[in-house]
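**Q** Sequence and predicted structure are below.
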Amino acid sequence: MFSLSPIKIMVIVAVVLLLLGPDKLPDVAHKLGSSWRALKRIQERVESEVREAIPDLPSSGDIARIARSPVNLLNQLADRVDAKEEIALASEAAPSSEEPPDEPEPLIAPAPDVPTVVRSNDTPPSFDPSLN
């Protein structure tokens with residue numbers, strides 16, 4: 001991945017200073033700063049409109065955390081399922097006057113029936129990257 005060390009940053013600054021010169025550098029920095037502020041304002045406006053439309057949306061920090069570590073999210077969901085199973089087992093172990101259900105509910109819905117494809121020749125299926 002792309003990383004910037006302090007040496008790389010100094011080289012970039014030196015090259016920019018040589019290309020722009022000391023007279024144009026303040027104007028370019030001012031334009032970059034104002035563009036950055038405009039982009040931040042647009043981002044804040046879009047985020048506020050989305051939050052008005054979808055009030056239950058997690059915070060942008062939570063979304064960024066999920067995007068950086070989807071495995072952590074899956075672990076949290078698995079812990080929730082484990083906790084629900086423990087509660088269900090504890091309630092089943094406790095004596096009750098109700099009859100237990102015949103069949104436990106599946107945690108994941110079964111997949112729908114998919115029709116079988118029969119090919120006339122024995123060639124392996126081709127790989128189509130557009131299906132990913």
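**A** That came through fine.
**Q** from here on, contacts and neighbour counts on C-alpha atoms
**A** Noted.
**Q** which stretches of the chain aren't confidently modelled?
**A** Screening the chain residue by residue with the criterion pLDDT under 70, one finds the ranges 1, 94-132.
**Q** Outline the domain layout of it.
**A** 1-57, 58-93 (automatic domain parsing).
**Q** possible to save the ones you listed as CSV with mean neighbour count?
**A** Putting the domains of the chain into CSV (neighbours: other C-alpha atoms under 10 Å) gives the following:
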stretch, mean neighbour count
domain 1-57, 11
domain 58-93, 12
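**Q** Does anything pack onto the helix ranked longest in the chain? Which helices or strands?
**A** Of all the segments of type helix in the chain, defined by DSSP state H, the longest one is helix 6-53. Secondary-structure packing of helix 6-53 (3 or more C-alpha pairs under 8 Å, 6 or more residues apart in numbering; DSSP states H and E): no helix or strand packs against it.
**Q** ok, Ile66 to Leu19 distance?
**A** 41 Å (C-alpha to C-alpha, to the nearest Å).
**Q** repeat for Arg65
**A** Between Arg65 and Leu19 the computed distance is 38 Å (C-alpha to C-alpha).
**Q** do Val28 as well
**A** Using C-alpha to C-alpha, Val28 is found at 12 Å from Leu19.
**Q** again with Ser3
**A** As judged by C-alpha to C-alpha, Ser3 and Leu19 stand 23 Å apart.
**Q** With Leu39 instead?
**A** Look at Leu39 and Leu19: by C-alpha to C-alpha, they are 26 Å apart.
**Q** now swap in Glu47 and tell me
**A** Taking C-alpha to C-alpha as the measure, Glu47 and Leu19 are separated by 37 Å.
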